[in-house]
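[1] no FASTA, just this:
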C-alpha cells in the first residue's frame, strides 16, 4: 500500500483485531488488491462486524455502478448552458465598452484640467507656441494697439444695439434708447467738427466773462474789472 | 499541442462549435457530480450552468500543460461547496417542495439503494467529495487531490474514513447479508 505523508489511517475507528481486515478491505476498494484476499482472511470467519463490512462493501460497489449509469443529463441543459455563456460574453463586451468609454471620458477631463492649470499658471494669455516663437524671434514687441475707451462711442454703440434689439419693449423702456441716443449724440460729437463753433479770442474773453458774472457783489466786480483791464494791456504777440 | 489545449484555444477565439464541444464533453460528468454532491436535481442543473460560466470566464487562466478534466471538476466541486454553504443559510423548504426520494419501498434492493444513498449523502462534504470523485468518477488519488486542492495523503484519509462510515451505517441498519452464499468480486466494479 502506498504511504502518503499526510495519510492518517482509520485505526482509531476500528478495533485492533479488525484493523488488518479493514486495511485489506480498503485495498480492495482502492482496486489495488483482488477480492479474493477477503475470502481467505481467517478473521472474517469469527468476526461478524467485518463480515457485515465486507457484505456492505459489495452492495455499495454494486449500487454505485448502477446509479452512475442511471444518471441522465437533462435534455435542454446543453442549450441552456450555451445560452448563458453567450449572454455572459455579450455582457462582458458591454462592460468592456463601458469601461473604455469611461476611461476616455476621464482622459479628456484630465487633459482639460491639465490645460486649465497651465493656462492659469502662465503669465500672459495662452498663445500657440509657434506664434510665440515667431514673436520672440521677430525683434521687439509692437507697441500696444489697444484703443482708449471713448464713453461717447460706447454709449452710441449701446444705444444702437438697444434700438436694433428685436425684443418687445414696454413703453417707458422704449424711450430709453432715444434718450441715450440724444445724450450720446451730444457727447460723441467732436467739438471741433461743429461748423458753428469758433474759438474765442483772448480779447473777447473779458466781455464774455463780464456777461457771465452776474450777479456778484460790487467789490468783486471792481476787482474783476481791474483784472480784465490789466489783461487787455497784455500783448499776445510773441517777441521777435 | 494537446487536444484539450486546441479545444480551449478555439473556445477562446470565440468559436461556437468549440464551445458546444467543450460543454458536451464535460456536462454529463459535471452534472452527475453536482447531483451527487448537492442531492438535488434542480440545484445540480443550476450549479452545472454556473460551473460552465465560470469555466468559460477563466478559460484563459487554465494551465495548458495540465489536463482539462480535473480543472473543470475542481471548479464544479468548489461551486458545489459554495452552493451548499449558501443553501445552509437559506430557510429550509417544506418537505413537499423538496425532491425527496420515494420512501415507499417495493423490495429490499430499493431499500438498500436508498440506504446507501442516504449514507453517502450524510457524509460531511469533504468526505462526500472524495468518495463521489473516486467511486463514481473514477478519479485516482492524485487527480482528486488536484481537484479538491488538498494533499494526496489527506485525500486518502478522507476516502478511507468515508468508506468506513458508509459501511458502518449499512451494517448498523442490517440491510446486508453477512453470510452470502457466494462472494461476488468486491473490487472489480471500480471504474
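    Done, it's in. Worth saying up front: this structure is predicted, and the values here are computed from it rather than measured. Residues are numbered from 1 along each chain as shown, chains lettered A, B, ... in the order given.
[2] For the most centrally placed residue in chain B, which three-state class applies?
    Nearest residue to the geometric centre of chain B (CA atoms, centre = their mean): residue B:33, 2.8 Å. Here residue B:33 is helix, with the state taken from DSSP: H, G, I helix; E, B strand; the rest coil.
[3] helix or strand for the closest residue to it other than its chain neighbours, which one?
    Using CB to CB, 6 or more residues apart in numbering or on different chains and skipping the chain neighbours, the partner closest in space to residue B:33 is residue B:76 (5.3 Å). C-beta coordinates here come from the backbone N, C-alpha and C atoms, glycine included. With secondary structure defined by DSSP states H and E, residue B:76 is part of helix B:68-89.
[4] In terms of secondary structure, what does that helix contact?
    Using 3 or more CB pairs under 8 Å, 6 or more residues apart in numbering or on different chains; DSSP states H and E, the elements in contact with helix B:68-89 are helix B:3-12, helix B:16-38, helix B:41-57, helix B:125-135, helix B:141-148.
[5] In JSON lines: those, plus mean pLDDT.
    Listed next are the helices and strands packed on helix B:68-89 as JSON lines, based on pLDDT from 0 to 100:
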{"stretch": "helix B:3-12", "mean pLDDT": "90"}
{"stretch": "helix B:16-38", "mean pLDDT": "91"}
{"stretch": "helix B:41-57", "mean pLDDT": "93"}
{"stretch": "helix B:125-135", "mean pLDDT": "90"}
{"stretch": "helix B:141-148", "mean pLDDT": "90"}
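[6] Which stretch among these is buried most, on average?
    Mean neighbour counts were compared across those using mean count of other CB atoms under 10 Å in any protein chain shown; the top stretch is helix B:125-135, at a mean of 24.
[7] for stretch B:117-130, how far is the first residue from the last?
    One end of stretch B:117-130 sits 15 Å from the other (CA to CA, to the nearest Å).
[8] Near the residue of chain B found nearest chain A, how many other residues are there?
    Minimum separation of chain B from chain A (CB to the nearest CB) falls at residue B:153, amounting to 2.9 Å. Burial measure for residue B:153: 17 neighbouring residues, criterion other CB atoms under 10 Å in any protein chain shown.
[9] From the contact counts, what lies against the helix or strand containing it?
    In this structure, residue B:153 sits in helix B:152-173 according to DSSP H and E. Applying 3+ CB pairs under 8 Å, 6+ apart, one finds that helix B:152-173 contacts helix A:19-30, helix A:48-70, helix B:108-121, helix B:125-135, helix B:141-148.
[10] Run the chain-centre distance for the shortest one.
    Distance, stretch centre to chain centre, for helix B:141-148: 13 Å (CA atoms, centre = their mean, to the nearest Å).
[11] Quick one: work out the angle between it and helix B:16-38.
    Between the axis of helix B:141-148 and that of helix B:16-38 there is an angle of 100 degrees, by axes from the mean of the first three to the mean of the last three CA atoms, to 10 degrees.
[12] How about residues contacting helix B:141-148?
    The contact list for helix B:141-148 (CB atoms under 8 Å, 6 or more residues apart in numbering or on different chains) reads A:4, B:66, B:70, B:73-74, B:77, B:126, B:129-130, B:133-134, B:139, B:151-152, B:154-156, B:159.
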